[in-house]
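> Return atomic coordinates for the entry below.
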Amino acid sequence: MDFVSINKLTLLDYPEKIACVLYTPTCNFACPYCHNWETLIKEKLPPLDFNEVLSFLKKRSGVLDGVVISGGEPTLMDNLPERIKEIKNLGYLVKLDTNGSNPEMLKKLIDENLIDYVAMDIKHSFAKYYDIIKNKSIDLDDIRKSIDILKENKVDYEFRITLIEEYHDKESIYEIGKLLEGSKRLFLQQYKLSDGVSDKSLHEIKEETANKYVDILSQYIDLVELRGY
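This is a model prediction of the structure:
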């Protein structure tokens with residue numbers, strides 16, 4: 001498996017950094033509000049020539065600060081550590097976007113100092129996780145392990161939740177707070193409808209309600225903020 005798409009410039013995906021984004025093609029979740037479903041997961045995209053990716057990164061040295069590895073789910077890529085090593089050798093910071101389903105890979109990347117920042121998506125309370133990810137073969141204990149790995153603070157990180165009116169409510173927000181208790185940073189993201197999502201009937205949670213969720217979660221987590229509102 002290799003990267004299948006690149007966004008050559010982003011000011012939004014790596015906090016306070018100028019970066020590009022490399023996308024991996026597959027995912028073990030099937031979240032109905034995923035913006036990358038059509039382009040990265042449903043369709044078969046040809047892999048990028050990694051030598052050309054490295055050539056691009058060499059040319060952008062001094063312009064870009066970092067590289068975001070996103071997907072799909074990047075930790076499904078067996079050769080991810082080797083690819084990141086080549087990127088790090090060019091002097092770039094690396095941010096990983098993950099769903100947390102592969103704690104062994106996450107730990108390896110952290111222990112080998114291959115990633116500088118992690119953004120882990122939290123889908124729901126554990127009682128309702130499968131409602132969103134649509135894959136009951138996923139062991140939710142792996143999600144918990146990844147949460148605990150990040151809470152060790154060996155790498156800078158954030159958790160993030162995309163708020164969906166049809167899924168999230170006050171009760172589930174309390175449960176998410178307990179799950180993430182003692183963690184460093186959480187962003188509540190506004191859902192935006194796009195052509196790529198598989199379920200176009202879903203709705204965003206209004207800002208007033210989202211702010212109430214911030215108040216609840218702030219009882220458990222050091223920093224809780226809205227993103228996209």
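> Tell me the strands beside the lengthiest strand in the chain, with direction?
In the chain, with assignment by DSSP state E, the single longest strand is strand 156-163. Here strand 156-163 has these sheet partners by DSSP bridges: strand 117-121 (parallel), strand 185-190 (parallel).
> got those as a markdown table, with mean pLDDT columns?
Shown next, in a markdown table, are the strands paired with strand 156-163 (pLDDT from 0 to 100):
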| stretch | mean pLDDT |
| --- | --- |
| strand 117-121 | 98 |
| strand 185-190 | 97 |
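> In TSV, list those along with mean neighbour count and distance to Thr209.
The C-beta positions use only the backbone N, C-alpha and C, and glycine is treated the same way. Conversion of these to TSV gives the following (neighbours: other C-beta atoms under 10 Å; distance: least, C-beta to C-beta, whole Å):
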stretch	mean neighbour count	distance to Thr209
strand 117-121	20	20
strand 185-190	19	10
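> To Asp2, which of these lies closest?
With C-beta to C-beta, the closest approach to Asp2 among the strands paired with strand 156-163 belongs to strand 117-121: 21.1 Å.
> Let me see the contact set for the residue most central in space within the chain.
Of all residues in the chain, the one closest to the mean position by C-alpha atoms, centre = their mean is Asp97, 3.3 Å from it. Neighbour list for Asp97: Asp13, Val68, Ile69, Ser70, Gly71, Pro74, Ala119, Asp121 [criterion: C-beta atoms under 8 Å, 6 or more residues apart in numbering].
> just these: which has the poorest pLDDT?
On pLDDT alone, Gly71 ranks lowest of these, at 91.
> So that one sits against Leu22, correct?
No: contact criterion C-beta atoms under 8 Å: Gly71 and Leu22 do not qualify, at 9.2 Å.
> how far away is the residue of the chain positioned farthest from its centre from Glu152?
Farthest-out residue of the chain from its mean C-alpha position, per C-alpha atoms, centre = their mean: Lys59, at 26.8 Å. Here the criterion is C-beta to C-beta, to the nearest Å. By it, Lys59 lies 36 Å from Glu152.
> next one: Val94
Counting by C-beta to C-beta, the gap from Val94 to Glu152 is 19 Å.
> So between those two, which is more surrounded?
Using other C-beta atoms under 10 Å, the more surrounded residue of Val94 and Glu152 is Val94, with 23 against 10.
> Narrow the contacts of Asp97 to those in strands?
When DSSP E is applied, the contacts of Asp97 are split such that Val68, Ile69, Ser70, Ala119, Asp121 fall in strands.
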